[in-house]
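Asker: What shape does this take:
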Amino acid sequence: MKLLTCLFIMFSLTTPSLLFDFKSSSKPNSWVIVDDVVMGGRSSGSFNLDKNGNGVFQGHVSLENNGGFSSLRHRLAPAAVNGATQVYLRLKGDGKDYQFRVKPKAENYFSYISPFSTTGEWQEVLIPLKDMYPSFRGIKLDQPNFHEDTIEELTFLIANKRNEKFKLVIDKIELR
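Answerer: As a prediction, this is how the structure comes out:
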């Protein structure tokens with residue numbers, strides 16, 4: 001019995017835990033755009049599925065009216081971290097910088113953030129959970145980095161302090 005318990009624990013620690021796969025039976029309509037228009041800005045993002053079943057987050061970031069960001073958010077049932085140490089993203093960007101954000105509780109006022117750069121090609125991005133830092137409205141908080149047991153919200157954000165078009169194609173998100 002102890003051997004089975006040990007094997008189960010080892011397997012659960014090394015098996016990826018799927019947070020979202022756009023090609024599976026996931027519900028892509030559960031992703032929501034939140035742009036700077038919530039505070040008077042003029043950025044505009046959109047989200048749809050491409051012909052290959054990938055999620056496509058695209059639009060234009062505008063600095064007008066003190067704007068400057070567009071984000072794509074998804075709330076999920078609490079996903080147990082279960083010993084995972086990193087987030088795996090399979091995506092194709094446009095050569096621009098983005099942020100990946102998580103919230104352990106959807107009602108938290110802050111997110112844990114990791115910036116990442118895209119290459120213009122399909123890539124696999126690995127984000128160590130321990131390196132995701134807490135931030136609220138662009139201000140890093142004086143609190144510990146990610147150390148939570150669950151994740152309830154995923155977000156992709158672009159906010160490079162310039163007027164620009166953007167396009168991020170997302171295949172899947174996993175905990176590893």
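
Asker: Now do the same contact list for the closest residue to residue 172 other than its chain neighbours.
Answerer: What sits nearest to residue 172 in space, not counting adjacent residues and going by CB to CB, 6 or more residues apart in numbering, is residue 21, at 4.3 Å. Quick note: C-beta positions are derived from backbone N, CA and C, even for glycine. The contact partners of residue 21, taken as CB atoms under 8 Å, 6 or more residues apart in numbering, are 171, 172, 173.

Asker: Now do the contacts for the last one.
Answerer: What that stands for is residue 173. Neighbour list for residue 173: 18, 19, 20, 21, 87, 88, 89, 154 [criterion: CB under 8 Å, 6+ apart].

Asker: picking that back up, wait, which of the contacts of residue 21 is closest to residue 97?
Answerer: Relative to residue 97, the closest of the contacts of residue 21 is residue 173; by CB to CB it sits at 18.2 Å.

Asker: Just the pLDDT at the residue nearest to residue 172, thanks.
Answerer: We note a pLDDT of 92 for residue 21 in this prediction.

Asker: Kindly report the same for residue 39.
Answerer: pLDDT at residue 39 comes out at 89.

Asker: Residue 137 is in contact with that one, correct?
Answerer: No - counting by CB atoms under 8 Å, residue 39 stays clear of residue 137, with 9.6 Å between them.

Asker: The two - which one has more neighbours?
Answerer: residue 39 (12 against 7; other CB atoms under 10 Å).

Asker: Could you pull up the residues touching the more buried one?
Answerer: Counting by CB under 8 Å, 6+ apart, residue 39 touches 66, 67.

Asker: which residues in the protein form helices?
Answerer: When assigned using DSSP state H, the helices of the chain occupy the ranges 2-14.

Asker: mind showing which ranges of it have poor pLDDT?
Answerer: Low-confidence segments of the chain, defined by pLDDT under 70, are located at 1-15, 25-26.

Asker: where do the strands sit along it?
Answerer: Secondary structure of the chain by DSSP state E: the strands cover 17-21, 31-35, 44-49, 55-61, 70-80, 86-92, 97-103, 111-117, 122-128, 133-136, 139-140, 150-158, 164-175.
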